[in-house]
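Novice: could you work out the structure for the sequence below:
(3 chains)
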Amino acid sequence: MSGSMEFLLWTKGPMFDIAMVIFAIGLLARLAEIFLLGRARNYAEPRAGEWPAGLRTMLTRTVADRGTFERAPFNVVVGWIWHLGFLAALLLFVPHIELAKGLFGISWPALPNPVVDFLTAITLLSLVATLVHRLNHPVKRRISTIEDYLVWTVVFMVVLTGYLAYHRMVNPYPLALGMHILSAEILLILLPFTKLTHILTAFIARWYNGAAFGRKGVQS
Amino acid sequence: MSGLDPIASQSSPGPACAKAPRDHGHALSILHQIRHALGILIETGEETRIDLNAMPFGPGDLERLTDVLGRGEVQASVEALGPTLIQETAIPGVWLVDYRGTEDQRLTLHIEIALTPEILRPRPEDLAESIATLDSRMPRRDLEPGDSPPTS
Amino acid sequence: MAARKTPEKTLGESLRDHGLSRRGFLKFCAATTSMMALPPSLAPAIAAALETAKRPSVIWLSFQECTGCTESLTRSHAPTLEDLILDFISLDYHHTLQAAAGEAAEEARLQAMEANKGEYLVIVDGSIPGPDANPGFSTVAGHSNYQTLMETVEHAAAVIAVGTCAAFGGIPQAKPNPTGAMSVMDLVKDKPVVNVSGCPPIPMVITGVLAHYLVFGRLPELDSYGRPLAFYGQSIHDRCYRRPFYDRGLFAESFDDEGAKLGWCLYRLGCKGPSTYNACATMKWNDGTSWPIESGHPCLGCSEPSFWDAGGFYEPLSVPLTLRPETLLQAGAVGAVVGGGLAALARKKVKDAAGTRQPVTVEELEQKL
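Specialist: Prediction:
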C-alpha cells in the first residue's frame, strides 16, 4: 500500500535520470544536426546584415500580424494564452525553480502561487478549447495527425496532473505528485522527436528566415 | 502561573525572539467565526464552542486573538480533574474556557459563545439529586422534637 | 500487570471510582474530543458513549524499534487525560513497561489472548523481519518477531501500528534494508490495521486513536495509508502557519538569513511539509509549546512511507534524487556527436546523390507521367 511513495521516488530518481538523458541526447542531436547542416552557402554579396533582420523576424513572426489575426483570431488569442500560461507555470512556480536550482544552481524570482494557480486553470481551459476547435474545424480535423493528438495529450496531462497535485485532488499525495512528474518526463522524452521540438526550433527557423531576407535587403 | 489567568504566557515568545510576532492572519478568521456565532446566540439562543487547540496558530496568534477579545468582569474557576479557568471577555457572551490538568497543563482551550459557560452550570444529573443532597445535610428536627429551632 | 479477563466495568463507572465528579467528566469529554481532533459539538455524544465504554485488553508488541514511540507516549504532555485513558485500558503485555519478565511475561500475553479472544487490541511498534528474512535479526523469548506477530494477531480485534517503523517499515527498512524489515500492513492482511505513523507519533494521536476505539467501539476512518483521517487528513503544509509566506513567495534561503529570522517558509531549506500528513501544526509537541517548523526547522516528513530514502532532509522537495548535472552534460555531448554524425551522413547522401545524378530528358519525364 505504500506503493505510491515508491512510485514517486522512482519518478524522482531513476525515471527522471532516464527521461533527462533521452531528452538531452535527442535535443542535442537535433540541434547539432540543424546547425551543422546549416544552409547552402550564398555567394551573392549581402545587401544588409543578417543578424538584425534575423533577430527582428524572431520577434515579428512571434507577434501575429493583422492579417493573420483577422483570418484566425482563435488560434492567435488562445494560442498565446495557453503558451504564456504554460511557460509561466513551468518557469515561475517555486518548486520548478527549486528543481532548476537543485540541478544547475541557477534560480530566479517566482510568481506568488495563487497567480500561478490562476494561470494554470486558464491554461487548462485554453488547451481544452484548442482540442475542441481542432475537432470541430473541418480543415484542422483533416490535417491533424496522430502526433498532433499525442502531443496535445502529453501537454494537457502535464498541466492537469500539476493542477491536481497542487490542489491535492488525488490521494494519496505521492501518487498525485508522481503522476505529474511522470507526465513531465514523458513530455521530455517525446520533445526531441515530435513537433514539440519547436520550443527551440521555432526561433531558429524564424532567425534563418529573417536572416535570409535581411541579406537580400527585403523586409519580412 | 497565576491562578486566574487563563491565557497566561502559554506560548509567549521568549527573550530571544523579542521582535513582535508577525500576523499570520489566523486570529481574524476566528474573530469572524465568533461574530457569526454571536449572531446565532442572540437570535436563537444556540451556543457555540470553538476548540482553539485545533487551530494552526503560529507564534503570537493566540495573544493577538485574546487581545482583541479583551477581559470582562467575570472570572471563575472550577476544581474538577484539575482547575478549569473561565474568563469572560470584553464581549458579553464570549468566554474563554481553559481546561487544565491536575499538573496545571492545558488540556484544551475553548472559546464558548453562550450566556454562561456550560461547565459553570450544574449538571442535570447532579441537579436531580440536589434536593436529596440538601435534605441529607439539613439538621433533622423531627427526630428530636424537644430541641429549640436553630437561631441562624 | 497480571493477565486477567477484562472486568465488566464501564469507563463512566471507572472514572467515578477515581472520584471524578460529573463536571470533571464533562471536562474529560471536552478534552478527549479535542484529543480526537473532533469538533467540540460532538462532546455530548462522546460523553454518552464514554459512559458505557468497556475496558479493552491491549497487547503491546515491540519489534525492531528504538522505544522512542513508548517514550513519546509515556512522557506525553497531558498526563491527567492520558493516564485516565491508559489506566482504563488493560495493558496486559508490554515488555518495556511490564513488571513480569521471562516466562511469566510471555504467559501474560498468552493468557490475555485466551481470555479476550477476538476482542483484544494489538499495538505494534517497530518493523518486523519478513518471513523470508533471517529470523535471528530480532527475536523475543526465542521466537522470531514474525512468529510472535502472526500468533498474537490471529485472534485480535484490530492492530494498531504505532510509529513509522511499524506502519511503513521506517528506518530499519531504509536502503539497503539489511534485516528484510517489513511493516505490519505488509504482513497482516486479514485484520483491520490502523497506522499511527510518525517518528515518534504525537503522543496525543496514539491516545486519541485508543480513545476513539474506547468511545465508538470501532476504529476511526482511515486514509489510503491506513492512518486516521482526523489526525492525518491534512498535510503539514496546508495547516502550517507559515503557509501564507509560501504563497507569497517569501522563503528563508539559509538558516540564519533575514527570511529565517522573520519566520518565512522553509520550503527551500528542504521542508517536506507539502508531502507530509500529520497533526503537528495543530497539536504541536512538548506541552503544546512548539513544533519543528515553529522552531525554525524544516519538516523531515517522518510520518510518510520511505521517509529515510526520500531525498536529503535539506534538499527541497522538488529536487530530483539522483540526477547530476554531469550526467546531463555527458548526455548532451553524446547527443551532439550523434547529431554531428547524422549531419555528416545527410551531407554524404546529398553528395553521393549529386555524384550519380543523371540528366533527364523531357521524353523520359513524359513517359513516367
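Novice: of all the residues in the stretch 251-369 of chain C, which one is nearest chain B?
Specialist: At 4.6 Å from chain B, C:Ala281 is the closest residue in the stretch 251-369 of chain C, using Cβ to the nearest Cβ. (Each C-beta comes from the backbone N, C-alpha and C, glycine too.)
Novice: er, chain A I mean
Specialist: Counting by Cβ to the nearest Cβ, chain A gets nearest chain B through A:Pro114, at 14.1 Å.
Novice: isn't that residue right up against C:Asp247?
Specialist: Yes. Using Cβ atoms under 8 Å, A:Pro114 is in contact with C:Asp247, at 6.1 Å.
Novice: more neighbours: those two, which one.
Specialist: C:Asp247 (15 against 10; other Cβ atoms under 10 Å in any protein chain shown).
Novice: check whether the helix or strand of chain B with the lowest mean pLDDT contacts chain C.
Specialist: Across the helices and strands of chain B, the lowest-confidence element by mean pLDDT, DSSP states H and E is helix B:124-128, at a mean of 86. Yes. Helix B:124-128 lies within reach of chain C by Cβ under 8 Å from any Cβ of the partner chain, at B:Glu125, B:Asp126.
Novice: then the next helix or strand after that helix to CSV, C-alphas only?
Specialist: Counting by DSSP states H and E, the next helix or strand C-terminal to helix B:124-128 is helix B:130-137. C-alpha atoms of helix B:130-137 as CSV (Å, rounded to 0.1, in the frame of the first residue of the first chain):
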residue,chain,number,x,y,z
SER,B,130,-29.8,18.3,44.7
ILE,B,131,-32.9,18.1,46.9
ALA,B,132,-31.8,14.8,48.3
THR,B,133,-28.3,16.3,48.9
LEU,B,134,-29.8,19.2,50.7
ASP,B,135,-32.0,17.0,52.8
SER,B,136,-29.1,14.9,53.8
ARG,B,137,-27.3,18.0,55.0
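Novice: next, the buried residues of helix B:130-137.
Specialist: When burial is assessed from 16 or more other Cβ atoms under 10 Å in any protein chain shown, helix B:130-137 yields no buried residues.
Novice: same thing with stretch C:56-75?
Specialist: For stretch C:56-75, a neighbour-count test (16+ other Cβ under 10 Å) marks C:56-66, C:69-70, C:72-73 as buried.
Novice: among those, which are in helices?
Specialist: Counted as lying in helices by DSSP state H, out of the buried residues of stretch C:56-75, are C:Cys69, C:Thr70, C:Ser72, C:Leu73.
Novice: ok, back up a step: how deep is the residue of the stretch 251-369 of chain C closest to chain B tucked in, by neighbour count?
Specialist: A total of 26 residues lie near C:Ala281 under the criterion other Cβ under 10 Å.
Novice: give the other helices and strands that the helix or strand hosting it contacts.
Specialist: Under the criterion of DSSP H and E, C:Ala281 resides in helix C:280-283. Applying 3 or more Cβ pairs under 8 Å, 6 or more residues apart in numbering or on different chains; DSSP states H and E, we find helix C:280-283 packed against helix C:236-239.
Novice: next structured bit after the helix it packs on?
Specialist: Next along from helix C:236-239, by DSSP H and E: helix C:243-248.
Novice: show me how far that following helix is from its chain's centre.
Specialist: In this view, helix C:243-248 has its centroid 26 Å away from the chain centroid, taken as Cα atoms, centre = their mean, to the nearest Å.
Novice: just the helices in chain A please.
Specialist: A:3-12, A:14-37, A:50-60, A:66-71, A:73-92, A:94-104, A:113-136, A:138-143, A:146-166, A:173-190, A:198-216.
Novice: no no, chain B
Specialist: So, for chain B - with DSSP H - the helices run B:26-44, B:61-69, B:124-128, B:130-137.
Novice: which of those sits most buried?
Specialist: Highest mean neighbour count of the helices of chain B: helix B:61-69, a mean of 19 (counted as mean count of other Cβ atoms under 10 Å in any protein chain shown).
Novice: any part of that helix near chain C?
Specialist: Yes. Using Cβ under 8 Å from any Cβ, helix B:61-69 comes into contact with chain C via B:Asp61.
Novice: what about that helix, average pLDDT?
Specialist: What helix B:61-69 shows for mean pLDDT is 91.
Novice: still on that earlier bit, would you put the C-alpha positions of the least confident helix or strand of chain B in PDB?
Specialist: Extracted in PDB, the C-alpha atoms of helix B:124-128 (Å, rounded to 0.1, in the frame of the first residue of the first chain):
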ATOM      1  CA  PRO B 124     -28.700  17.900  35.100                       C
ATOM      2  CA  GLU B 125     -27.900  14.600  36.900                       C
ATOM      3  CA  ASP B 126     -26.500  16.500  39.800                       C
ATOM      4  CA  LEU B 127     -29.400  18.800  39.800                       C
ATOM      5  CA  ALA B 128     -31.800  15.900  40.000                       C
END
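Novice: off-centre distance for that helix?
Specialist: Centre to centre, stretch against its chain (Cα atoms, centre = their mean), the figure for helix B:124-128 is 20 Å.
Novice: much appreciated, bye for now.
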